[in-house]
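*Asks:* show me how the following folds:
(one chain, ligands or ions: 2)
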Amino acid sequence: MACTLLFPSLRLIIYTGKGGTGKTVTSCATAINMAERGYRTIVISADPAHTLSDALMMQDISGSYDQKQVLPNLAALQIDPVTEMSKQYDPILSYMASIFSAKGIDETLAYEIAMLPGMTQLFSLLKIEEIERTKSFDAVVLDMPASGEALRYLYFPKLVGSIGRKLTGLAGLFSGFAKVFQPVAKIPAPSRDVIKSEMDFLDRLDELAKIIRDNDTASIRLVANPDTFSIENAKRALMSASLYGINVDMAVVNKIMAGSSDEYYAKWASYQRSKVEDAKANFYPLPVKEVQLYGTELRGVEMLRKHGEVLFGSDDPAKIFYRGKPYLFVNEGAAINMTVQVPFTEKDDFSIERYGDQLTITVRTPVGQVANIVPLPVATAGMKLAKAKLMNHELNVLFEKVT
Ligand SMILES: Nc1ncnc2c1ncn2[C@@H]1O[C@H](COP(=O)(O)OP(=O)(O)OP(=O)(O)O)[C@@H](O)[C@H]1O
Ligand SMILES: [Mg+2]
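*Replies:* Ligands and ions are numbered 1, 2, ... in the order given. Next comes the predicted model:
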C-alpha cells in the first residue's frame with residue numbers, strides 16, 4: 001500500500017514506559033504499519049534481551065548487531081551499546097582511562113571511572129543522528145529500554161553536552177599539567193585523535209538534541225497498563241519530557257482485561273476500568289489509546305499488524321496526535337511557576353495536597369473520587385507551594401524558595 005507520506009523528512013517516534021507494559025510490541029506494530037504505508041522505516045531497540053527478534057519472531061535479528069530487512073520497507077536493528085560505544089568513543093575513553101591509570105588507578109577500574117553513568121544507552125541514541133545524517137530512512141521507531149532512568153538518556157545531549165565540554169576542559173587541564181609533569185608523572189597529553197573524537201562526539205550530541213527536541217520531528221509515546229505503578233511511571237516521563245521541551249503525543253493503556261462472568265476476573269476487570277479512567281485523567285489532554293489484553297501472547301508479524309490496526313485504525317501512525325504543553329514551567333526569579341492541564345475546572349469540588357515530590361489533586365465526582373497525580377521537578381524540592389489556582393482546565397501553581 002503506497003500512500004502520501006505525512007512526513008517526507010525524518011519522523012522519530014519513541015515508546016517508553018515501565019518494564020513489561022508492551023513497549024517492544026507496540027514499537028514493532030507501529031513500525032510495521034508505517035512500513036506498509038510506504039515509509040522507509042527502521043525499528044530500533046537497545047534492549048539487552050534481544051526482544052525485537054522475539055516480538056517479530058525472526059531469529060536472524062538477534063546474533064548480530066547489523067540492521068536486518070524484515071519486511072519490505074522495514075528494517076530492524078538490535079543495538080549493542082557496548083559495541084557502539086567502543087566504535088565511537090574509544091579514543092576518548094582510553095585517554096580518560098590513561099589519565100586515571102597514570103595516577104596509579106588500576107586500568108580496569110580506570111575504564112569504569114572514565115565511563116559516565118548511562119553512557120552506554122546514549123550510544124543507542126546516537127544511531128538516530130547517524131540515520132538522520134545518512135537520510136537512509138523516513139521514520140525511526142525507538143523502543144526505549146525499561147528503566148525509570150530511560151528518559152533521562154534522551155536529555156543526555158544537553159546534559160552530557162555540558163558535562164562533556166567540561167571534560168574537554170578537563171582534558172585540556174590534564175594536558176596542560178602533562179606538559180609540565182609528563183616526564184615525572186607520565187600523564188599522557190591528549191593526541192590530536194582524542195581531541196578530534198571528543199569534538200565529533202559533542203557535535204553529534206548536539207545534532208541528536210536538535211532532532212529530539214524538534215516537536216515537528218520527534219514524539220514520545222507513553223505505554224502503561226491499567227495499574228497504579230505504570231501510570232505513575234508514565235506520568236513522570238510526561239513531566240520530564242515537558243521539562244526538556246520534548247513533545248509527547250499519545251498514551252497507550254495496554255493489556256486491559258475484558259469483562260468476565262467469573263467473579264475473580266470480573267473484579268479485576270472492574271478495577272482495571274477504574275485505572276483506565278485514572279490514566280485518562282492523568283494523561284489529559286493527550287489522546288489515550290486503549291488496548292485489550294489479547295487472548296494469547298502478542299507476537300509475530302500477523303498479530304503485530306492487528307495490534308497496529310487496533311491502535312491506529314485508519315490513522316497514519318506518523319501523525320503528530322497531540323501537540324501542546326500539558327506541563328509548562330516558567331522561572332520567575334527564584335520562584336517557579338508551573339501550569340498543568342487538568343481534566344476539571346474551578347467548578348469542581350477539588351482539593352490539592354503535596355506529598356514529597358508530587359501534588360495530588362483529588363476531585364469529588366458523583367461516581368467517586370478521581371485522583372490526579374502531578375509529579376514535580378526536582379527543582380521544587382526545597383521550595384514551598386505558595387499559590388495554587390485552578391481555572392479553565394489549567395492548574396497554576398507557584399513555588400517559592402523557603403527563606
Ligand atoms: N495487549 C496484549 N495482549 C497480550 N499480550 C501482550 C499485550 N501487550 C504485550 N503483550 C505481551 O507482554 C509481554 C511484554 O511485552 P513487551 O516485551 O512489548 O513489553 P516491554 O514493555 O517491551 O517489556 P520490557 O520492559 O521487558 O522490554 C510480551 O510477552 C508481549 O507479547
Ligand atoms: Mg521491551
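
*Asks:* residue 22 and residue 223 touch, don't they?
*Replies:* Yes: with contacts counted by CB atoms under 8 Å, residue 22 reaches residue 223, the gap being 5.5 Å. (Glycine included, C-beta is placed from N, CA and C.)

*Asks:* joint contacts of the two?
*Replies:* Residues touching both residue 22 and residue 223 (CB atoms under 8 Å, 6 or more residues apart in numbering): 252, 254.

*Asks:* tell me the buried residues in the host helix or strand of residue 385?
*Replies:* Here residue 385 sits within strand 383-391, counting by DSSP states H and E. Buried residues in strand 383-391, defined by neighbour count with 16 or more other CB atoms under 10 Å: 383, 385, 390.

*Asks:* give me the more crowded residue out of residue 22 and residue 223.
*Replies:* Regarding residue 22 and residue 223, a neighbour count based on other CB atoms under 10 Å identifies residue 223 as having more, with 31 against 23.

*Asks:* tell me the SS of the more buried one?
*Replies:* Three-state assignment for residue 223 (DSSP: H, G, I helix; E, B strand; the rest coil): strand.

*Asks:* quick check: closest non-adjacent residue to it.
*Replies:* The spatial neighbour of residue 223 that comes closest, neighbours along the chain excluded (CB to CB, 6 or more residues apart in numbering), is residue 17 at 3.5 Å.

*Asks:* quick check on that neighbour: phi, psi?
*Replies:* Summarising the backbone geometry of residue 17 under the convention degrees, to the nearest 10, its torsions are phi 160, psi -180.

*Asks:* contacting residues for it?
*Replies:* Counting by CB under 8 Å, 6+ apart, residue 17 makes contact with 23, 146, 222, 223, 224, 230, 233, 234, 237.

*Asks:* pull the contacting residues for the closest residue to residue 390 other than its chain neighbours.
*Replies:* Distances taken as CB to CB, 6+ apart place residue 346 nearest to residue 390, at 4.9 Å, with adjacent residues excluded. By CB under 8 Å, 6+ apart, the contact list for residue 346 reads 390, 391, 392.

*Asks:* and the residue lying closest to the last one once chain neighbours are set aside, how far from residue 389?
*Replies:* Read it as residue 392. If the residues on either side of it in the chain are set aside, residue 392 comes closest to residue 345, at 6.1 Å by CB to CB, 6+ apart. Using CB to CB, to the nearest Å, we find residue 345 at a distance of 12 Å from residue 389.

*Asks:* so which bits of this structure are right by ligand 2?
*Replies:* Where the chain comes near ligand 2, counting by CB under 5 Å from the ion, the residues are 23, 24, 47, 51.

*Asks:* neighbours around the last one, how many?
*Replies:* Using other CB under 10 Å, residue 51 is surrounded by 22 other residues.

*Asks:* could you look up the SS state of the residue in the stretch 1-150 of the chain that ligand 2 sits nearest to?
*Replies:* Among the residues of the stretch 1-150 of the chain, residue 24 lies nearest to ligand 2; the distance is 3.3 Å by CB to the ion. Reducing the assignment at residue 24 to three states with three-state DSSP gives helix.

*Asks:* for the stretch 1-150 of the chain, give me the ranges with low pLDDT.
*Replies:* For the stretch 1-150 of the chain, the stretches with pLDDT under 70 are 1-4, 7-8, 48, 61-65, 113-121, 145-150.

*Asks:* again, only this time at 50
*Replies:* In the predicted model of the stretch 1-150 of the chain, residues 1-2, 148, 150 satisfy pLDDT under 50.

*Asks:* ligand 1 contacts on the stretch 251-400 of the chain?
*Replies:* Applying the criterion CB under 6 Å from any ligand atom, the portion of the stretch 251-400 of the chain that neighbours ligand 1 consists of 254, 255, 291, 293, 294, 297, 298, 299.

*Asks:* now residue 202: phi and psi?
*Replies:* Main-chain torsions, residue 202, degrees, to the nearest 10: phi -70, psi -40.

*Asks:* report the buried members of the residues of the stretch 251-400 of the chain next to ligand 1.
*Replies:* Under a neighbour-count criterion of 16+ other CB under 10 Å, the subset of these counted as buried comprises 254, 255, 291, 293, 298, 299.

*Asks:* quick one: the helices in this structure?
*Replies:* Listed in chain order, the helices found in the chain under DSSP state H are 23-36, 51-56, 81-102, 107-114, 119-134, 150-154, 156-185, 192-213, 228-243, 263-283, 301-312.

*Asks:* show me how far the last one is from its chain's centre.
*Replies:* Same thing as helix 301-312. 22 Å (CA atoms, centre = their mean, to the nearest Å).

*Asks:* quick one: it to helix 23-36, angle?
*Replies:* An angle of 90 degrees separates the directions of helix 301-312 and helix 23-36 when computed by axes from the mean of the first three to the mean of the last three CA atoms, to 10 degrees.

*Asks:* same for helix 301-312, what does it pack against?
*Replies:* Taking 3 or more CB pairs under 8 Å, 6 or more residues apart in numbering; DSSP states H and E as the contact definition, the neighbouring helices and strands of helix 301-312 are helix 23-36, helix 51-56, strand 288-292.
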